[in-house]
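Novice: Here's my sequence, what's the structure:
(chains A and B)
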Amino acid sequence: MPSRPPRRMNLNELVDSLERARLHGHGGAYFPTGTKLRAVASQRRRPIVVVNGTEGEPLSRKDRFLLSARTDVVLDGAFCVAHALGADAIVVGVDHRRVQVIDALEQALAGRPELADRGAPVVEVIGVPDGFVSGQETALINFLNGLEAKPTTTPPYPFEKGLRGRPTLVSNAETYAQIGRIVAGRFDGSRHVTVAGAVPRTTVVSVRPGTTVAAALTAAGGVTEPISAILLGGYGGTWAAAAPALELPLDEPTLRAEGLTLGAGIIFALGSSDCGVSEVARVTRWMADQTAGQCGPCVFGLDAIAGALEDLCAPGLPGRDRFRSLAQVQRWCAMVNKRGGCAHPDGVSRYVTSALSVMAHTFSDHAGNGPCDRCEADYRAANAPLRRSVRTGQAVPV
Amino acid sequence: MRSERLIVDMISCSAHGMCAELLPERVSLDDWGYPVIDAAPLDPELVGLARIAVQSCPKLALRLQREPARAPARARR
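Specialist: Modelled structure (predicted):
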């Protein structure tokens, strides 16, 4: 429970302080939050505030951490925004499987003093279907409107026509936490990132803009083996060569100048005992399966890219077929980029294209010499014959 | 006069390919039969043909968009 209710600001005060803090969205798109607030406020109808806590990115843990362990800061931000916009409703969307997060929110809401005010916004916590694309802002709005959790055509954007057809501010949960800190005068530019891969365990760490990638890995318990490459921004993010990337500061403008981004705040370290090709093929197949199934280039293109990457890991394929698959991956990544209703294909294109350039040697080695031992082991594990257990009825290896 | 450009709503499109048939100057098809559209403003002599392509799309997924006079607040999202 907060010690005292957060300061209330009017719209101009709030937007000014967000702009002074140079706050950009923490969901991955890095859109300036003050501009988004103004766009919502410039509409005629009464706005609605949506907190996006769906966290569909499999490597991310920071939103569930903030929503369950820093609940009041997130709510401070949401209430402050709702007050400034004159919104009469706040909706928090959370992956329906994260029962503990929903419980933490319900509990924190029970202790909020604002809810006793006259004209206080109605606050709802709503479970959203899991899936990579269901947290995309138009997909979330479409689901909250009682339809499928699938992206819709823009325009109209949520800021003009969102929940219940009203102007809607949709922002990531951490963005509201940052607003809460800014309003309380406790903002210092730090943010939360999830560190995964070759570390003892997937960890959420708080980093300042000057913190390097290497320091974040250390904060997460240190690397468990030498690193061969680093993925920034998660499954829709960008691969970078380990040596230069380790020294990069976790400062979004600096990273963007390098063609990189932290996205929703994710650092994944690929250990040298893992095979990059096998990892990229596995993730691309998962992303292809996560398509909302609406746009042709995404439905057919991502499946084709994943299939061609799997060819590089499959034993027994002639060498010329592997070279052809590798060439097709390049072509198809360019072909699907910017061709969907949402940015899902763009993310896969970026992920795979950057892997091909950062791990060029590994990919051409796989095309020339066939799958490595690690690929073969992964392939065998994925294609192992299964039988049904007599006792539990579940599939177990033969 | 403001120029116009061709856009496709990929969610509605189901690869009938009418657009590429009627306006090959601006529309080609990808490996799966979905349109790849040249987003540059249309030359005046193509506008009439583009309009026919738009009206012929069985899914009403193809549209002509008038070039905005000024970029909206959130043009790129």
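Novice: Just the buried residues of stretch A:268-284, please?
Specialist: Buried residues in stretch A:268-284, defined by neighbour count with 16 or more other CB atoms under 10 Å in any protein chain shown: A:268-271, A:274-284. (Glycine included, C-beta is placed from N, CA and C.)
Novice: now the strands for chain B?
Specialist: B:4-8, B:27-29, B:35-37, B:62-66 (DSSP state E).
Novice: Read off the pLDDT value for residue 5.
Specialist: This is for chain A. Per-residue confidence at residue A:5 stands at 61 (pLDDT).
Novice: oops, I was thinking of chain B
Specialist: pLDDT, residue B:5: 92.
Novice: give me the low-pLDDT residue ranges for chain A?
Specialist: Chain A contains residues with pLDDT under 70 at A:1-5.
Novice: can you check chain B too?
Specialist: B:1-2, B:68-77.
Novice: burial count for the residue nearest to residue A:385 when sequence neighbours are not counted?
Specialist: The shortest distance from residue A:385 to any non-neighbouring residue, by CB to CB, 6 or more residues apart in numbering or on different chains, is to residue A:398 (4.8 Å). Neighbour count for residue A:398, taken as other CB atoms under 10 Å in any protein chain shown: 6.
Novice: Residue B:65 now?
Specialist: 12.
Novice: dump the residue contacts of it.
Specialist: Going by CB atoms under 8 Å, 6 or more residues apart in numbering or on different chains, residue B:65 touches B:4-7.
Novice: Does residue A:124 belong to a helix, a strand or coil?
Specialist: Here residue A:124 is recorded as strand under DSSP: H, G, I helix; E, B strand; the rest coil.
Novice: Please report the residue range of the longest helix in chain B.
Specialist: helix B:44-56 (DSSP state H).
Novice: ok, and for that helix, which residues are buried?
Specialist: By neighbour count on 16+ other CB under 10 Å, the buried set for helix B:44-56 is B:46, B:50, B:53-54.
Novice: Ramachandran coordinates for residue A:157?
Specialist: Dihedral angles of residue A:157 (phi, psi; degrees, to the nearest 10) stand at phi -80, psi 160.
Novice: how far away is it from residue A:151?
Specialist: For residue A:157, the distance to residue A:151 equals 12 Å [CB to CB, to the nearest Å].
Novice: what about those two, which has more around it?
Specialist: Neighbour count, other CB under 10 Å: between residue A:157 and residue A:151, residue A:151 has more, with 25 against 22.
Novice: The more buried one reaches residue A:135, doesn't it?
Specialist: No: counting by CB atoms under 8 Å, residue A:135 is not a contact partner of residue A:151; they are 10.3 Å apart.
Novice: Show me which residues of chain B are close to chain A?
Specialist: Counting by CB under 8 Å from any CB of the partner chain, chain B comes close to chain A at B:9-15, B:30-34, B:36, B:73-74, B:77.
Novice: Tell me the one among those nearest to residue A:341.
Specialist: residue B:11 (4.2 Å; CB to CB).
Novice: That closest one: what's it in contact with?
Specialist: A:151-153, A:294-295, A:341.
Novice: at 7 Å instead, please
Specialist: A:153, A:294-295, A:341 (CB atoms under 7 Å, 6 or more residues apart in numbering or on different chains).
Novice: now swap in residue A:139 and tell me
Specialist: By CB under 7 Å, 6+ apart, the contact list for residue A:139 reads A:133, A:149-151, A:292.
Novice: Could you identify the most distant pair in the residues you listed?
Specialist: A:149 and A:151 (9.0 Å).
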